[in-house]
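>>> This is the structure alone, sequence omitted:
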(Lines give C-alpha, C1' and ligand atoms only; values in the text may rest on other atoms or scores of the structure.)
Protein backbone atom coordinates (compact mmCIF):
# COMPACT_ATOMS: atom_id res chain seq x y z
CA UNK A 1 0.00 0.00 0.00
CA UNK A 2 1.19 3.52 -0.68
CA UNK A 3 1.63 6.15 2.00
CA UNK A 4 -1.29 8.22 0.70
CA UNK A 5 -3.56 5.14 0.54
CA UNK A 6 -2.74 4.58 4.21
CA UNK A 7 -3.53 8.12 5.28
CA UNK A 8 0.06 9.39 5.43
CA UNK A 9 1.28 12.54 3.74
CA UNK A 10 3.83 11.74 1.05
CA UNK A 11 5.03 15.35 1.23
CA UNK A 12 5.76 15.00 4.97
CA UNK A 13 7.56 11.69 4.42
CA UNK A 14 9.66 13.28 1.67
CA UNK A 15 10.47 16.23 3.98
CA UNK A 16 11.47 13.80 6.75
CA UNK A 17 13.77 11.90 4.36
CA UNK A 18 15.30 15.16 3.17
CA UNK A 19 15.94 16.31 6.77
CA UNK A 20 17.56 12.96 7.63
CA UNK A 21 19.84 13.15 4.59
CA UNK A 22 20.72 16.76 5.51
CA UNK A 23 21.86 15.62 8.96
CA UNK A 24 19.08 17.24 11.00
CA UNK A 25 18.64 13.92 12.83
CA UNK A 26 21.62 11.95 14.12
CA UNK A 27 22.24 8.23 13.65
CA UNK A 28 19.17 7.36 11.58
CA UNK A 29 20.04 4.55 9.20
CA UNK A 30 16.54 3.60 8.10
CA UNK A 31 12.86 4.33 8.61
CA UNK A 32 10.14 1.78 8.02
CA UNK A 33 6.47 2.55 8.63
CA UNK A 34 3.72 -0.07 8.68
CA UNK A 35 0.03 0.73 8.79
CA UNK A 36 -2.73 -1.83 9.10
CA UNK A 37 -0.28 -4.66 8.66
CA UNK A 38 1.29 -3.35 5.44
CA UNK A 39 4.62 -1.67 4.84
CA UNK A 40 3.82 1.82 3.53
CA UNK A 41 7.20 3.56 3.76
CA UNK A 42 10.74 2.25 3.54
CA UNK A 43 13.71 4.59 3.44
CA UNK A 44 17.43 3.83 3.88
CA UNK A 45 19.90 6.58 4.68
CA UNK A 46 23.02 4.65 5.63
CA UNK A 47 23.43 1.58 3.44
CA UNK A 48 20.48 -0.45 2.22
CA UNK A 49 18.05 -3.12 3.42
CA UNK A 50 20.86 -5.68 3.62
CA UNK A 51 23.10 -3.47 5.80
CA UNK A 52 23.58 -4.54 9.41
CA UNK A 53 22.21 -2.13 12.00
CA UNK A 54 23.17 -1.58 15.64
CA UNK A 55 19.68 -1.73 17.13
CA UNK A 56 20.39 -2.89 20.68
CA UNK A 57 18.70 -0.04 22.53
CA UNK A 58 15.89 0.35 20.01
CA UNK A 59 15.12 -3.35 20.16
CA UNK A 60 14.79 -3.25 23.94
CA UNK A 61 12.50 -0.20 23.78
CA UNK A 62 10.28 -1.73 21.11
CA UNK A 63 10.11 -5.00 23.06
CA UNK A 64 9.05 -3.08 26.18
CA UNK A 65 6.25 -1.35 24.28
CA UNK A 66 5.04 -4.63 22.73
CA UNK A 67 5.05 -6.34 26.15
CA UNK A 68 2.95 -3.49 27.54
CA UNK A 69 0.46 -3.78 24.69
CA UNK A 70 0.23 -7.56 25.13
CA UNK A 71 -0.42 -7.16 28.86
CA UNK A 72 -3.03 -4.47 28.21
CA UNK A 73 -4.72 -6.75 25.64
CA UNK A 74 -4.63 -9.64 28.18
CA UNK A 75 -2.42 -11.73 25.89
CA UNK A 76 0.27 -11.83 28.60
CA UNK A 77 -0.45 -12.23 32.29
CA UNK A 78 2.23 -9.72 33.27
CA UNK A 79 5.91 -8.91 33.03
CA UNK A 80 6.82 -12.22 34.67
CA UNK A 81 5.07 -14.33 32.00
CA UNK A 82 7.33 -17.03 30.58
CA UNK A 83 8.06 -16.34 26.91
CA UNK A 84 8.76 -19.99 26.13
CA UNK A 85 5.21 -20.86 27.15
CA UNK A 86 4.05 -18.64 24.27
CA UNK A 87 6.45 -20.25 21.77
CA UNK A 88 6.25 -24.01 22.38
CA UNK A 89 7.59 -24.81 18.91
CA UNK A 90 10.82 -22.95 19.77
CA UNK A 91 11.05 -23.84 23.44
CA UNK A 92 13.40 -26.81 23.10
CA UNK A 93 15.95 -24.93 21.00
CA UNK A 94 15.83 -21.83 23.20
CA UNK A 95 15.99 -23.60 26.55
CA UNK A 96 19.66 -24.46 26.15
CA UNK A 97 21.28 -21.80 23.98
CA UNK A 98 25.03 -21.87 23.52
CA UNK A 99 26.36 -19.37 26.11
CA UNK A 100 29.44 -18.71 23.98
CA UNK A 101 27.31 -16.59 21.63
CA UNK A 102 26.30 -14.23 24.46
CA UNK A 103 29.85 -14.16 25.84
CA UNK A 104 31.23 -13.26 22.40
CA UNK A 105 28.62 -10.51 21.96
CA UNK A 106 29.20 -8.87 25.36
CA UNK A 107 32.97 -9.06 24.98
CA UNK A 108 32.72 -7.19 21.68
CA UNK A 109 30.28 -4.67 23.17
CA UNK A 110 32.56 -3.85 26.08
CA UNK A 111 35.58 -3.55 23.80
CA UNK A 112 33.63 -0.81 21.97
CA UNK A 113 32.93 1.09 25.20
CA UNK A 114 29.33 -0.04 25.84
CA UNK A 115 28.85 0.55 29.60
CA UNK A 116 25.60 -1.41 29.68
CA UNK A 117 27.37 -4.26 27.92
CA UNK A 118 29.95 -4.31 30.72
CA UNK A 119 27.23 -4.70 33.36
CA UNK A 120 25.56 -7.48 31.40
CA UNK A 121 28.91 -9.15 30.73
CA UNK A 122 29.60 -9.25 34.48
CA UNK A 123 26.17 -10.80 35.13
CA UNK A 124 26.78 -13.35 32.38
CA UNK A 125 30.15 -14.25 33.91
CA UNK A 126 28.44 -14.96 37.24
CA UNK A 127 25.82 -17.10 35.50
CA UNK A 128 28.45 -19.00 33.51
CA UNK A 129 30.50 -19.59 36.64
CA UNK A 130 27.49 -21.12 38.41
CA UNK A 131 26.56 -23.19 35.35
CA UNK A 132 30.15 -24.39 35.01
CA UNK A 133 30.15 -25.50 38.65
CA UNK A 134 26.98 -27.46 37.89
CA UNK A 135 28.70 -29.34 35.07
CA UNK A 136 27.64 -27.29 32.03
CA UNK A 137 30.56 -27.83 29.65
CA UNK A 138 29.43 -25.08 27.23
CA UNK A 139 29.47 -22.59 30.13
CA UNK A 140 32.94 -23.76 31.13
CA UNK A 141 34.10 -23.34 27.54
CA UNK A 142 32.63 -19.82 27.33
CA UNK A 143 34.38 -18.83 30.56
CA UNK A 144 37.70 -20.14 29.32
CA UNK A 145 37.39 -18.50 25.91
CA UNK A 146 35.82 -15.12 26.73
CA UNK A 147 36.78 -14.51 30.36
CA UNK A 148 40.50 -15.34 30.52
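Okay, I see it. Computed from a predicted model, the values in this text were never measured in an experiment.

>>> Quickly find the element holding the residue nearest the centre of the chain.
Closest to where the C-alpha atoms of the chain average out (Cα atoms, centre = their mean) is residue 59, at 3.4 Å. Here residue 59, judged by DSSP states H and E, is contained in helix 56-72.

>>> Repeat that for residue 42.
Using DSSP H and E, residue 42 falls within strand 38-44.

>>> Can you spell out which helices and strands pack onto that strand?
For strand 38-44, the helices and strands in contact under the criterion 3 or more Cβ pairs under 8 Å, 6 or more residues apart in numbering; DSSP states H and E are helix 10-21, strand 30-35. To be clear about C-beta, it is placed using only N, CA and C from the backbone, and glycine gets the same treatment.

>>> Let me have those in CSV, adding mean neighbour count and mean pLDDT as columns.
Output for the helices and strands packed on strand 38-44, formatted as CSV (neighbours: other Cβ atoms under 10 Å; pLDDT from 0 to 100):
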stretch, mean neighbour count, mean pLDDT
helix 10-21, 13, 95
strand 30-35, 14, 91
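
>>> re the thing from before, need the contact partners of the strand holding residue 42.
Residues outside strand 38-44 that contact it (Cβ atoms under 8 Å, 6 or more residues apart in numbering): 1-3, 5-6, 8, 13, 17, 20, 29-34, 49, 51.

>>> how about a cut-off of 7 Å?
1, 2, 3, 6, 8, 13, 17, 30, 31, 32, 33, 34 (Cβ atoms under 7 Å, 6 or more residues apart in numbering).

>>> Could you point out the bridge partners of the last one in the sheet?
In this structure, residue 34 has beta-bridge partners residue 39, where bridges are defined by DSSP bridges.
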